[in-house]
Structure formats: structure tokens, C-alpha cells
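A.B. asks: how does the following fold in three dimensions:
(chains A, B and C)
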Amino acid sequence: MAEVRLPKRIMNSGGWCQGCGHGVVVRLIAEVLDELGVADKAIAVEDVACGSMSMSGVLNCDAIMAAHGRPIPVANGAKGARPDSIVYAHLGDGSAYSIGSAELVHTALRGDNMTVIVVNNTVYGMTGGQMAPTTLPAEKTASSPKGKDADRYGVLNVVDLIGKLNATYIARGEIYDVASTAKTKAMIKKAFQNQIDNKGFSLVEVLAPCPTNLHMTPVQCKEFVHTEATKFFPLGEFVDK
Amino acid sequence: MAEKVLMKGNEALAEAALRAGSRFYSGYPITPQTEILEYLSTRMAEVGGFFVQAESELCGINMVFGAAAAGARAFTTSSGPGYSLKQEGISYLAANDLPAVIIDVMRIGSGLGDIFMGQGDYWQLTRGGGHGDYRTIVLAPNSVQENVETVQLAFDLAEKYLHPVIIASDAGIGQMMEPVELPDFKDHDINKFDWAVRGCKEDEPMRACQNIYYAKHSTDYPEYLTKKYNDIEENEQRWESYQVEDAEVVLVAYGSSSRVAKDTVDTAREQGFKLGLIRPITLWPFPKKAFAEAKAAKAFCTVEVNILGQMVDDVKLATEGKFPVGFAGNFFAIPDPDEIIATAKALLK
Amino acid sequence: MSKLQIEKTRCKGCGYCIEVCPKKALSFSGEISDQGYDTVKVDDALCIQCGACYRVCPDYVFEII
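C.D. replies: Residues are numbered from 1 along each chain as shown, chains lettered A, B, ... in the order given. Model prediction:
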């Protein structure tokens, strides 16, 4: 068999909880940056929440830690200042779809040339598992202990939010198994290739487990995301211009 | 050869920022600063820079944050209510040791207030405004010409201290037209700071722009931060003194109201009443050193366009509480000289 | 001849690799890491070095070298 090596830019494992999906997403990003030959000019913009642990000795890549909800405009600013760099925002569902939703909508409306990777685990992770716009109906969280009242809060699907704006690419993948992880990697690759080609705004949402806050074992949580979350967040490429 | 042109204060600010080497602007419309946004919407492209009309002030300041982290001379502009929205980003700029310039073309009042000429933001400007342990350097020009010079200084100070710098303009300065000598264009090297993110080679250590407390200083953060602020207070106090040495009452005024205050000093002296004027050019650090010149003063009086006299406390601190400090203020307009003289005289009784 | 390398200090014992391994070559070792997790071990006789474990591992435990 051929050798399988971690990208050289992966320095160590991260401080994420057992079974957290962020680690796989960061590795996929690192592989894609290497394969596209743009790692030397990549700038990561991290939300202050769980994703930003990639800045702590995990991924050797110039990075900015943005305020909660603001990685997209911060990435936009970095790209505006350095148009030749490859800039991506790596953030969670709470950051992208709740507190940062205005910034997401208008960046997609302008079709700004950048790559956004959203890790959707259906809860706020860093603050301890509160209800998010992506929390499933009846899903129990720290702020919806009896289960989410979806009639009151709804469930936000990013494709509904920005699908008809001026995004070049919107896709959703999962990291359930080898095949789905490979598909997700291909999506992330396309999202970066689009930026290289100056094609505009690309967003890939990755469904990921958060076993700690969903109070499940990692394997149970992964099954939950694969079987339940995908009912509300179907996988695929929804915009591909 | 410097050009002399007739320009509106806001437009002169915008042009001066470009001449100071800024090639990044993101802002949002709000009266009375909107001319800056409008001017840059076409002018920025002519100099090859980045302009975007952001969807909100939050987005505007956070784009500036990203651009500053990447090494650009970046700026944004707003007024009162919009300046409040920018506080999140300004706090992050301060915490990350990032240089940037934010221009607040002040109006009046809290909440909506109104769009009229005012100096409603002194407290917010000089106390930090957002969360946490920080203040910003605040420069207050009082003419269109000084607007132009202040922008260059603001970027220089921002880079000297790696800190956000605020220009406190106001509707009066912003909307008036005056002849102005524009400086020559200066280039900014986006790679002049090694900390600016740009992408690193595989075998190079990454650049991480994050809260400086996490990034560089853990246990010595308090000392680091205290020294930074002490240095700014010691080195950067700026003011203009006018007829201060023999003055019985010294007016303290900045921006638009300082122009009327200066005329008031002349008017009072024609009447035999020895007024003087200290005009803070830096609102923070407050020019405490200026008050040593007021050797004959029996009282001080601020002249401001707001209701509560927001600068009075700083004058009391600068004079160590030894003198009465009055306030000649008006919510709707700059107080007229007669009103100021009457208030100043009353302080001597 | 390449071999599956396991960086046990990184392993958090999530078990994802055990789930995806087509040859059931991976199992918990009972060896508790400094972080307090039960870490994985490989039966080299069963391992076909397909790399599935590498692809699902969130903690960069595996390489095939």
C-alpha cells in the first residue's frame, strides 16, 4: 500500500473534545491547500469558538481569530487587503447562521471571492451546548432541555437563507465514513478552487458530531448526525455555478 | 508641490487617508459622515484600493480588523449611533494590538439624538467605549486643514503603538468647506510588519493574530499593557494654548466649539476680561500637561456641544480638583461668545 | 514494507476508526493515555493499510509509513 501521511502543516492534534468533528475538517482543509498548491498564501480566519483551537499548535497556517460571528467580514477584509492570498473562514453554525447571519447574507449577496467552511453540529459547542438555529426539532440542548420547540424557533437551512443570492457554490457534506469524508473533501476543494479562479463566494457546510454537548458517545453522535441531522440538512451541491 | 484646494471637511479626510497610504475602506452611511463613504466609493478605485459599502457598521469595523491584521492601513468612518456599533471591533483591535483608524464625525445626543452638529461622544471616545481594559488614542481636529494633517498622524500613531486611533471630527468640521493644502501621496508597505498575516511557508512558524494576552503575554500581560498606556499618556499629549498664561478663567474646548471659544477669548479681552483657551488636540491622552501653563487661573470652563458637559471631569482631574470647573454648553448649537463669557465670569463669584 | 503507525498520545478513544476498519484490525488497547483516554491498537496481521482510520480520525493518530 501507498504511504498515507498527514499534511506537513498538521503539527499536532487539537484540544477538541473526544469525537469532535473539527479535527477532520481542519485536516481536510490542510490536505486541500497542499493539493491545490496554495498553502503558502493561505490565511485562516477562525471564530473564537471551538474551531479556533486549530490555531493552538494544530495547523501551521497564518491565522486570525475573529470575534464570535465575524470571521466572514474579517476574512473579507484580509482578502481585500491581500487579493492574491487565499482566505477562508472556518466557523460554526451558531457563528455563521445566528450572530453572523447578516454578514453571511450580504457577503453571499455581493458574491465576494472567498471560501467559507461551516461546521454544523446543531448546537453551540464552546458555551456548552445551547440551542442553535440548526438544532433539530425536539432536540434537547442546555437551553432547550425539554427539546427544541421548532414551531417557535424554526430550523435554519443555509441553502434557504442564501441559495438564491449570488453565491458561486453552496454544498453540504458529512464526515460519517470514508466515502462521505472523501465527498466532503471534494466539496472543500471546489470551494477553494473557485477562489483561486476568482469565481466568487463558496460555502461548504460540514455536518459534524459534537458528542460532548449532545450527551452521546462519539459513535452514537456520529450516527445521530448521519441519520437525523441529514433529514433537515440534506447532503449535496445546491449551488454550483 | 502641495496642492491647495477648496474642500469639504469630510471629503478632505477621505482624500487625506488615501494620501497617507490607506488603500482599504469599509463603511456604512450615517449622517453627518456619509460624504466620506460617497467620496471613496469612486475615488478609492482611482488609486487602486479596496472600497466596500458594508451592510452594517459591525461588518465595516470587522472588515477593517481583517485588513489591519493583514498589514493594510485600513480605516472606517461613522457617527454616534454607528460608532457605538463599532465598539465590538475596536475592542478587538485594541486587544490584538492592531493599528487602524476610525473616524467619528460626531452628532448630538444618546440613542438617535439628532444629526446636528454636536460633541455627543466624548465619554465613549475617551473611555474606550467597548468592553475590557483599553482606551484609544483620540485626535480632535478643528479645521479642514487640521483634518488632513490629523489623518496622517493617526495612521502613524496607530502603527507606532499598534493600537486603534480615533479621529473625533464633528458635523461642523465635516460639513464646512475651507481651503486646504493636501499632502503628497505616501506609500504604505503592506509587508512592513512581520506580524501581518500573509501566508507562511511550510517550515516557517505561522503568524497568529489573536488576543495579545493569549498570543504573546500570559503572566506579564498586565505590565505590558500598563506600560503601553503609560507611554502613550507620557508621549502623546497634544494641545494648543491660546492666551493661557495670564488668564483668570481658562476655557477648554476642542473641535468646532474651540473655534468659537478662541473668538470668545478675543472678545472677552477686548472687554478687559482675561480669558484663555486650552484646546485639547488629543482627547485621550487628555493634555494634562497643558494646565501647568495656567498660572493665573482661578477657574476653568469647558465649551461643548452636549447637555451634561462630558469633558468637565477630565478638566477636574487635570487640575487635581483645585479649581471650580464650569460648563458652557448647548445641545442645539455652539454656545455664543456672550453666553460663554457670562458662564466664565460667574465662576469667579 | 509500510506499516500503520499509531500516535497513541493523540488518541482520545472516540472509536471512529474501529467502526470504519474493514478488517476489524483496530480495537481498544486498555492502555490509558496521559489525557485519560483508552487508546486504540492495531493487529498488524489483519491490517491491510487501507487508510480508512486515517480518514475518519479527528485527532491525527494514524499514518501509514
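
A.B. asks: which parts of the stretch 51-200 of chain B are helices?
C.D. replies: According to DSSP state H, counting those that start in this stretch, the stretch 51-200 of chain B carries its helices in the segments B:57-69, B:80-85, B:87-95, B:122-126, B:144-161, B:171-175.

A.B. asks: ok, and the closest non-adjacent residue to the closest residue to chain B within chain C?
C.D. replies: Chain B sits closest to C:Y60 of chain C, with a gap of 16.3 Å, by C-beta to the nearest C-beta. For the C-beta atoms, the positions are set from N, CA and C on the backbone; glycine is no exception. Closest residue to C:Y60 apart from its sequence neighbours, by C-beta to C-beta, 6 or more residues apart in numbering or on different chains: A:S13 at 4.9 Å.

A.B. asks: contact partners for the one you found?
C.D. replies: Contact analysis of A:S13 by C-beta atoms under 8 Å, 6 or more residues apart in numbering or on different chains lists A:G23, A:V58, C:E7, C:R10, C:K12, C:P58, C:D59, C:Y60, C:V61.

A.B. asks: try it again at 7 Å.
C.D. replies: A:S13 makes contact with A:G23, C:R10, C:D59, C:Y60 under the criterion C-beta atoms under 7 Å, 6 or more residues apart in numbering or on different chains.

A.B. asks: got JSON lines for these, with pLDDT too?
C.D. replies: Listed next are the contacts of A:S13 as JSON lines, based on pLDDT from 0 to 100:
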{"residue": "A:G23", "pLDDT": "98"}
{"residue": "C:R10", "pLDDT": "97"}
{"residue": "C:D59", "pLDDT": "98"}
{"residue": "C:Y60", "pLDDT": "98"}
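
A.B. asks: greatest separation within these: which pair is it?
C.D. replies: The span of the contacts of A:S13, defined through C-beta to C-beta, is set by A:G23 and C:R10 at 9.5 Å.

A.B. asks: list residues touching both of the two?
C.D. replies: Shared contacts of A:G23 and C:R10 (C-beta under 7 Å, 6+ apart): A:S13, C:D59, C:Y60.

A.B. asks: may I see these organised as JSON lines, with distance to A:M65 added?
C.D. replies: Compiled in JSON lines, the shared contacts of A:G23 and C:R10 are given as follows (distance: C-beta to C-beta, whole Å):
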{"residue": "A:S13", "distance to A:M65": "19"}
{"residue": "C:D59", "distance to A:M65": "22"}
{"residue": "C:Y60", "distance to A:M65": "21"}
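
A.B. asks: for chain B, what's its nearest residue on chain A.
C.D. replies: For chain A, C-beta to the nearest C-beta, closest residue to chain B: A:G77, 2.6 Å.

A.B. asks: which parts of the stretch 201-349 of chain B are helices?
C.D. replies: Here the stretch 201-349 of chain B has its helices, by DSSP H, counting those that start in this stretch, at B:212-215, B:221-235, B:255-270, B:312-318, B:337-346.

A.B. asks: around chain A, pick out the residues from chain C.
C.D. replies: C:2, C:10, C:12-16, C:19-20, C:37, C:49, C:51-52, C:54-56, C:58-60, C:63-65 (C-beta under 7 Å from any C-beta of the partner chain).

A.B. asks: again, only this time at 6 Å
C.D. replies: C:2, C:10, C:12, C:14-15, C:19-20, C:49, C:51-52, C:54-55, C:58-60, C:63-65 (C-beta under 6 Å from any C-beta of the partner chain).

A.B. asks: before we move on, back to that, any idea how far B:E233 is from the residue of chain C closest to chain B?
C.D. replies: Distance, C:Y60 to B:E233, by C-beta to C-beta, to the nearest Å: 48 Å.

A.B. asks: swap in C:F62?
C.D. replies: According to C-beta to C-beta, C:F62 stands 55 Å off from B:E233.

A.B. asks: using the three-state scheme, assign the spatially most central residue of chain C.
C.D. replies: Central residue of chain C (C-alpha atoms, centre = their mean): C:V40, 4.9 Å from the mean position. Secondary structure assignment for C:V40 (DSSP: H, G, I helix; E, B strand; the rest coil): strand.

A.B. asks: can you name the residues bridging to it?
C.D. replies: Here C:V40 sits in beta bridges with C:F28, going by DSSP bridges.

A.B. asks: ok, it - contacts?
C.D. replies: With contact taken as C-beta atoms under 6 Å, 6 or more residues apart in numbering or on different chains, C:V40 is in contact with C:C11, C:C17, C:L26.
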